[in-house]
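Participant: Need a 3D model of the following:
(chains A and B)
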2 protein chains.
Amino acid sequence: MKQSQLQKIRYTYEPKLPPAIRGDIASISLSLGEPTQALSDQEALKKTFAHTYGKPIATMQASGNNPQASVQRTVGVILSGGQAPGGHNVISGIFDALKKANPQNKLLGFLGGPSGLVEDQKIEITAEYMNDFRNTGGFDIIGSGRTKIETPEQFAAARKTCQTNKIDALVVIGGDDSNTNAALLAEYFVAQGDPVQVIGVPKTIDGDLKNEYIEASFGFDTAVKTYSELIGNIQRDANSAKKYWHFIKLMGRSASHIALECALQTRPTACIISEEVAEKKQTLQQIVSSLAEIVAKRAEGGENFGVVLIPEGLIEFIPEMGRLISEVNDLLAIHSTEFSGISGPDEQARWLSGKLSTESAPVFTSLPRDIQHQLLMDRDPHGNVQVSRIETEKLLIQMVSEELNERARTGSYQGIFNALNHFFGYEGRCAFPSNFDADYTYSLGYSAFVLIANGLTGYLSSVRKIAQPASEWVAGGIPLTMMMNMEQRHGEKKPVIKKALVELEGAPFTYFARHRDEWATRTSFVYPGAIQYYGPDEICNQPTITLRLEQGLEA
Amino acid sequence: MKQSQLQKIRYTYEPKLPPAIRGDIASISLSLGEPTQALSDQEALKKTFAHTYGKPIATMQASGNNPQASVQRTVGVILSGGQAPGGHNVISGIFDALKKANPQNKLLGFLGGPSGLVEDQKIEITAEYMNDFRNTGGFDIIGSGRTKIETPEQFAAARKTCQTNKIDALVVIGGDDSNTNAALLAEYFVAQGDPVQVIGVPKTIDGDLKNEYIEASFGFDTAVKTYSELIGNIQRDANSAKKYWHFIKLMGRSASHIALECALQTRPTACIISEEVAEKKQTLQQIVSSLAEIVAKRAEGGENFGVVLIPEGLIEFIPEMGRLISEVNDLLAIHSTEFSGISGPDEQARWLSGKLSTESAPVFTSLPRDIQHQLLMDRDPHGNVQVSRIETEKLLIQMVSEELNERARTGSYQGIFNALNHFFGYEGRCAFPSNFDADYTYSLGYSAFVLIANGLTGYLSSVRKIAQPASEWVAGGIPLTMMMNMEQRHGEKKPVIKKALVELEGAPFTYFARHRDEWATRTSFVYPGAIQYYGPDEICNQPTITLRLEQGLEA
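Facilitator: The predicted structure is shown next:
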């Protein structure tokens, strides 16, 4: 298969490691802190994780002596969930650490996500195979999948696979759900008396898996820089042509971390943050009005252009829309036969309006026709509205346009509103990892093996102080139970890692909130350009602005 | 205004010039060839361009002596039409050459495109102002516009502006239409006895302004590399998740150069070339069937994923669709009052079906409902269908999906067709110019001034051998009339620069045609990654594959 020039040269990039883990694996010891507590629901979680609850935080140190380091091991690795730049480097980090500890060690890659473990589908990752994936994007080295290991049969099958392959440890690379699964698996193996250790690695471009010890999930850096490149390019176009408004929806599931970081990078005319919408209980009409107000203000100065960023999860965070969506889901589940007998979207919409509550019916009828249809037509296999498929960017354009027409009729607006829509998501999930993500993921993978070599299980690999250069980075491990609470899932209380949403008191949001009025009225676009892998540090070795602000540095 | 780190460092980049023009401006002389001929309609063009027709090709040489070089001059520059990366560097090239020839020389930038010349809206470009735009994307230095200078009043106003500002020469940076306008302006000034010279610079990301002497229009390189970055990222995602088909529409107006170059860069599962569709007189159904066939074949091997590239202009090149669109335009012009009285898109569609010819009516009714509505609703100010707004990528997804459902019913297809759509255009028009485009545009601008200093008018600035390193480049000028023919425009024969479409016998298309079956059946994705500005030549100083193949080099 043909390799691009960038691919060839990236193979030779040597990721940077935290200083404490640069030496022999046997020389790396762990300093352990006090026992830890879960975020809440401690008693319930103590029960679920009877053997693995409340372990101490581990920090790696260079001047130790670990006689177990070179014991021969077989490690299995799993990629779980959506792609994020750097997944291949987590695996190369594990691989290099494991071979350095003992060249006889083996790394097995389970294929297609957790189902590969259940079904014993795997390959051995050799040095030659590994080299074709170093510092590249994608999860194609072993593939990924969204299977959850939940049933007793699945747990038993996973156990059998580990026995068959004499697996000593598993590394699960995934987001909040996958790492919750990793914690359950760790507990399960201990409970069974199996010596299989389980270590998680924090992955997700969405940035919603983080806390004091996990400063960022990997892939976020590269994804936001890729989107910021595109937003900056579009902004420069808008500022040159001066005739279009661009409404850009950004991936990121519920949380608005991606939209917020892109706003900090590019300084758009407006950026909606879902968490703020929910906090202030804003209605769709309020959001539309505030955007229309910005458009009208700029039009007064002759500036009929701008760029608006919209987080993917917005729709669910607007209280009235969240309620509408859940009513639609319920109604279509209850009346599925009746509904499927109605032909034509307009007729379906009329039928639905008659069934909705008096609160939700007017919300539904106020939506543009296309969006009404999207609510009715694009349904997932469980019959639910596919929120991510709703074209919020088009919805807002249509509604802002209607409000501006209304203002024009009353004479309070005299501009031209010509708007284009975009959605960026898949463009950034498999980019070549930035140097930051390449270094960070390699370090996470490397540390994951060091945790294994030190006998730990139920931990998340952790690299801290990552807003600083790699020479300052601190490697360690965080007990998974520490990040958990109990949440309602399908009618049951379940242990889950708590999703980190944008904090309205946090430094990144407050910085944004302080500047957004200025960015709205006075074009302040910043053009970050494409991710650079070579050249001076300031263009190729910078963390996100979110990270810098969170760690008390300048934006 | 905040500048990104990349922006700051790009300001210091020094673009490369062809060797012949690196010395003193006074030392650059022109070698002139034989008189030239227009592409066709020579007699008609001789009449239109009585004073400027048929001039010789000019090639720049280093060892000359031009006593006129240092004469004090005021030059005006205009950016015309859509943005293309490198526009700012054309201006910095003119600026640097002009100041080198005589520090007293002045460069005036007319604002907002050709209307700036008609309305005498301008700024003087100073060294300080210029430095803020070097090697950056966008046209925001002076803005751009699409006004054509056509009426006698406009010509007279342009003349007056030149007199008022004591302009010695104008540089028009634009595409085929704008350079046609430049040729008419050059002729006009000579006819009036005004000493104002006019030089054009070949701009357009679409790549459709080229011939033997203009090897590429500027901006194409950066735009296709930006799109190829995104396509490659999406391909890697497709190949990791193995569950989506991505249908990606690419900007490029009528011509498919962008789609073709992106296909050569990324090796997608399929890429449609409009010029081939027209040549083979393919129907929409045939295109759909051939895509469905590829999807079905891959599904047999379990590969329910792929990437399809679609050129923006496709719809007009499908003969039956071209006919339909022109009928719709005619009908809605004739019956506009009747049509505007019909409420609701479904009713409008029914009305239209009744009016269309027996050939076009079934084509219209075979289209998905959304697309029927787009044909009826999105109309430009002249009442015409806005072809570029028709979501061809969604149209093809819907129709391929329907055909696959049909195949599934007859048992000849058992895959899963889950498709997502994208449209890339604005993402690439204002990217930081690649080193290639930064060098090429700077050289074009620099050469434009050298042509002026040598007394020429009615020329297009030309830099050749650009598939080679800049040390081999050859600078010169091409008479604009050489690229012209007469074409029907609004019921009249008009002189125009002939648009360069993809040649089906050309090396780029034949290379693609030779490999596409393999790319369709066996995943052959290439991942080019983001444009790099620093590092070894192979990642940051490469021309497009189109250029390499056209100049007889390896892909």
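
Participant: The closest residue in space to A:Ile466 that isn't next to it in sequence: which element?
Facilitator: Leaving aside its chain neighbours, A:Ile466 sits nearest to A:Glu215 (5.2 Å; criterion: C-beta to C-beta, 6 or more residues apart in numbering or on different chains). Every C-beta, even on glycine, is put in place using the N, C-alpha and C of the backbone. Per DSSP states H and E, A:Glu215 falls between elements, in no helix or strand.

Participant: what's around A:Glu215, how many residues?
Facilitator: Other residues lying near A:Glu215 total 20 when counted by other C-beta atoms under 10 Å in any protein chain shown.

Participant: Please save the CA atoms from stretch A:6-25 in PDB.
Facilitator: These are the backbone C-alpha positions of stretch A:6-25, laid out as PDB (Å, rounded to 0.1, in the frame of the first residue of the first chain):
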ATOM      1  CA  LEU A   6       4.300  12.600   5.700                       C
ATOM      2  CA  GLN A   7       3.500   9.000   6.800                       C
ATOM      3  CA  LYS A   8       7.000   7.800   5.900                       C
ATOM      4  CA  ILE A   9       8.700  10.600   7.800                       C
ATOM      5  CA  ARG A  10       6.400  10.300  10.800                       C
ATOM      6  CA  TYR A  11       7.500   6.700  11.200                       C
ATOM      7  CA  THR A  12      10.800   8.000  12.200                       C
ATOM      8  CA  TYR A  13       9.500  10.500  14.800                       C
ATOM      9  CA  GLU A  14      10.700   9.600  18.400                       C
ATOM     10  CA  PRO A  15       8.000  10.500  20.900                       C
ATOM     11  CA  LYS A  16       9.100  12.200  24.100                       C
ATOM     12  CA  LEU A  17       8.700  10.400  27.500                       C
ATOM     13  CA  PRO A  18       8.400  11.900  31.000                       C
ATOM     14  CA  PRO A  19      11.900  11.900  32.600                       C
ATOM     15  CA  ALA A  20      11.000   9.400  35.300                       C
ATOM     16  CA  ILE A  21      10.400   6.600  32.900                       C
ATOM     17  CA  ARG A  22      13.200   7.100  30.400                       C
ATOM     18  CA  GLY A  23      15.600   4.600  32.100                       C
ATOM     19  CA  ASP A  24      15.400   0.800  32.500                       C
ATOM     20  CA  ILE A  25      11.900  -0.500  33.300                       C
END
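
Participant: thinking again about what came up before, the residue nearest to A:Ile466 contacts A:Glu550, doesn't it?
Facilitator: Yes - at 7.3 Å, A:Glu215 counts as touching A:Glu550 under the criterion of C-beta atoms under 8 Å.

Participant: Overlap of the contact sets of those two?
Facilitator: A:Ala467 (C-beta atoms under 8 Å, 6 or more residues apart in numbering or on different chains).

Participant: What's the nearest residue in the stretch 301-450 of chain A when you look at chain B?
Facilitator: For the stretch 301-450 of chain A, the residue closest to chain B is A:Cys430, as judged by C-beta to the nearest C-beta, at 3.8 Å.

Participant: Make sure that residue is actually in contact with B:His246.
Facilitator: No - if you go by C-beta under 8 Å, A:Cys430 and B:His246 don't touch, sitting 11.6 Å apart.

Participant: and A:Gln163, how many neighbours does it have?
Facilitator: Using other C-beta under 10 Å, A:Gln163 has 11 other residues around it.

Participant: pLDDT of stretch A:514-524, averaged?
Facilitator: If you average the pLDDT over stretch A:514-524, you get 97.

Participant: The closest residue to A:Thr457 other than its chain neighbours bridge partners, please.
Facilitator: Excluding its sequence neighbours, the residue lying closest to A:Thr457 (C-beta to C-beta, 6+ apart) is A:Gln197, at 3.9 Å. With DSSP bridges as the criterion, A:Gln197 is bridged to A:Ala169.

Participant: Which pLDDT value goes with A:Gln197?
Facilitator: We have a pLDDT of 98 for A:Gln197.

Participant: repeat for A:Pro381
Facilitator: The model's pLDDT for A:Pro381 equals 66.
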